[in-house]
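Peer 1: model the structure of this input:
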Amino acid sequence: MQTRESVGRSIVPGTETRHATASAKAVIEPKCFIVPPEEPEPEETEPDPEPTEPGEEPEPIIGLACDGEAWTIDPDDPELPSNEDLFTVRLAGDDE
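Peer 2: Okay, here's the model as predicted:
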């Protein structure tokens, strides 16, 4: 990135054509994790003689936890948290 104006802007002789430059590296980190659907407690019964149909879909994951706040997502009318709720952005040092 480079400044729009020159460093001296005619104030410091010889710097009228010099521009400051800078660079930065940002790190994007998730604030959220997926909360898996609750598994029902297995009942102590005889095993099911018929295996689960291969075409059956697993339960959708409808829960997120972001910074300790629970988000439940309605699969029929999904409304996700904003990017600010999902991620944090910070500047990183040269060693990262």
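Peer 1: buried sites along stretch 76-92?
Peer 2: residue 86 (16 or more other Cβ atoms under 10 Å). Backbone N, C-alpha and C define where each C-beta goes, glycine included.
Peer 1: what about stretch 20-32, how long is it end to end?
Peer 2: Start-to-end span of stretch 20-32 (Cα to Cα, to the nearest Å) is 38 Å.
Peer 1: which parts of that stretch are buried?
Peer 2: So stretch 20-32, judged by 16+ other Cβ under 10 Å, has buried residues 31, 32.
Peer 1: for the closest residue to residue 87 other than its chain neighbours, report the pLDDT, please.
Peer 2: Distances taken as Cβ to Cβ, 6 or more residues apart in numbering place residue 28 nearest to residue 87, at 5.3 Å, with adjacent residues excluded. Note on residue 28: pLDDT of 94.
Peer 1: how far does the helix or strand hosting residue 28 sit from its chain's centre?
Peer 2: Element membership for residue 28, per DSSP states H and E: strand 25-30. Counting by Cα atoms, centre = their mean, to the nearest Å, strand 25-30 is centred 9 Å from the centre of its parent chain.
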